[in-house]
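>>> Need coordinates for the below:
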Amino acid sequence: MRNNWHSIREYEALRAVITSGTTNGASRLLGISQPTVSRAVSQLESRLNVVLFERRGGRLRPTAEALRLNAQLDRLFDAISLISGSDPDDPGGQPLRLAAPPSLAELVGSQMASFMKLHPEQRMSLETCTSNGLVSRLVDDSVDLGFTHADLTHSAMELIPFQESEAVCVMPKGHPLAAHDVITPDLLDGQNFIAILRRHIVRSRLDRLFAEAGSAPNRVAEVATGLSAVTLARAGSGVTVICPFPVLRRDDPTLTIRPFLPRFAYRTSFAVSTVRPLTRTARAFMRHVKMSIRSDPAWHGIVTESSGQVPVTDGP
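The predicted structure follows:
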């Protein structure tokens with residue numbers, strides 16, 4: 001009978017230890033004694049017959065089983081919040097701390113603005129940082145939720161993709177390459193080309209494709225973001241190959257956009273901690289971002305949630 005019995009206190013202890021990393025920290029969060037926390041976790045491990053934490057460097061690291069269980073508990077604690085009179089989708093008084101690279105900062109900022117219109121009481125912050133900086137901020141608990149284009153790997157971080165798009169070639173309106181329905185590396189041979197800086201993974205992908213095709217674009221500029229590349233292309237400095245999201249929109253009359261082959265995909269992801277549960281506010285903001293992008297017709301035909309051909313667009 002005991003094996004089928006569920007204890008809210010045990011689940012609270014699990015989440016508190018994941019959040020704090022120690023049983024002492026969990027006891028302070030819950031307002032109970034440290035032995036009570038240890039006993040609750042031990043009872044839960046015994047009842048489920050799994051190991052939930054491993055001790056490393058003086059801290060308790062959650063196992064994969066603990067993280068899976070914690071994710072499943074979100075609905076339970078949301079339901080408890082509703083029963084107690086609070087709405088899990090209604091952000092509370094704690095600020096939501098966000099981080100994103102410069103290429104996504106404008107998108108995140110606009111999503112913050114629309115989210116705060118729906119929840120005027122919600123405080124939010126946004127800082128820009130590199131991909132490596134995003135990892136460190138999640139590890140040291142200085143941000144709640146990150147955004148990234150990069151395929152990052154770290155034991156303390158999980159990526160949750162929410163948008164996928166494919167590389168496109170962008171050129172000023174009236175450019176000779178606009179006569180082609182699809183742009184391939186050989187067509188860019190000798191063309192004035194705006195490249196992304198070498199530190200980005202996409203640069204090495206493109207360089208390899210050009211080398212395999214025997215194509216030598218004339219690299220007139222190197223920039224850090226797709227937005228900068230588009231700005232130069234719009235001014236007539238050259239053409240570029242970039243991730244269209246969130247830089248490009250269907251209704252830009254100054255640019256011509258063509259699919260680029262061979263195709264390769266970009267994923268835009270939420271970055272979350274694997275050692276701390278997501279707050280209700282973070283989950284609500286993630287839902288808001290996904291719904292906002294899906295419902296915005298300006299993205300339709302430029303980006304898709306799953307990989308697929310990028311239709312030709314030529315302004316509005």
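>>> Do you have the strands of the stretch 201-316 of the chain handy? List them.
218-223, 239-242, 255-259, 265-273 (DSSP state E, counting those that start in this stretch).
>>> I'd like the ones you listed as CSV, with mean pLDDT, mean neighbour count and distance to residue 127 appended.
Backbone N, C-alpha and C define where each C-beta goes, glycine included. CSV is the format used below for these (pLDDT from 0 to 100; neighbours: other C-beta atoms under 10 Å; distance: least, C-beta to C-beta, whole Å):
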stretch, mean pLDDT, mean neighbour count, distance to residue 127
strand 218-223, 96, 14, 22
strand 239-242, 95, 26, 24
strand 255-259, 93, 22, 30
strand 265-273, 88, 20, 13
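>>> okay, and for the stretch 51-200 of the chain, where does confidence drop off?
For the stretch 51-200 of the chain, the stretches flagged by pLDDT under 70 are 78-93.
>>> nearest to residue 160, of the strands of the stretch 201-316 of the chain?
Nearest to residue 160 among the strands of the stretch 201-316 of the chain is strand 265-273 (4.4 Å), distances taken as C-beta to C-beta.
>>> Now do that closest one: distance to the chain's middle.
3 Å (C-alpha atoms, centre = their mean, to the nearest Å).
>>> unless I'm mixing things up, residue 33 is touching residue 27, no?
Yes. Using C-beta atoms under 8 Å, residue 33 is in contact with residue 27, at 5.8 Å.
>>> Name the residue in those two with the higher neighbour count.
residue 27 (20 against 12; other C-beta atoms under 10 Å).
>>> Surely the more buried one forms part of a strand?
No. Counting by DSSP: H, G, I helix; E, B strand; the rest coil, residue 27 is not part of a strand but helix.
>>> Could you check how far the residue lying closest to it once chain neighbours are set aside is from residue 189?
Spatially, and ignoring its direct neighbours in sequence, residue 27 is nearest to residue 34 (4.4 Å; C-beta to C-beta, 6 or more residues apart in numbering). Using C-beta to C-beta, to the nearest Å, residue 34 is found at 68 Å from residue 189.
>>> Hmm, residue 17 and the residue nearest to residue 27 touching each other?
No. Assessed by C-beta under 8 Å, residue 34 is found out of contact with residue 17, at 10.6 Å.
>>> Quickly list what's touching both of the two.
23, 26 (C-beta atoms under 8 Å, 6 or more residues apart in numbering).
>>> So which of the two has more stuff around it?
residue 17 (29 against 14).
>>> For residue 252, see how far away that one is.
Going from residue 17 to residue 252 by C-beta to C-beta gives 50 Å.
>>> cool, and residue 282?
32 Å.
>>> hmm, back to that, which one of the strands of the stretch 201-316 of the chain lies nearest to residue 111?
strand 265-273 (11.6 Å).
>>> helices or strands up against the closest one?
Where contact means 3 or more C-beta pairs under 8 Å, 6 or more residues apart in numbering; DSSP states H and E, strand 265-273 is packed against helix 131-139, strand 145-148, strand 157-166, helix 280-295.
>>> Pick the most buried one from these.
strand 145-148 (a mean of 24; mean count of other C-beta atoms under 10 Å).
>>> Show residues contacting it.
So strand 145-148 is contacted by 96-101, 104, 107-108, 131, 134, 137-138, 157, 159, 268-272, 278, 282, 285-286 (C-beta under 8 Å, 6+ apart).
>>> Since that was my last question, I'll sign off now.
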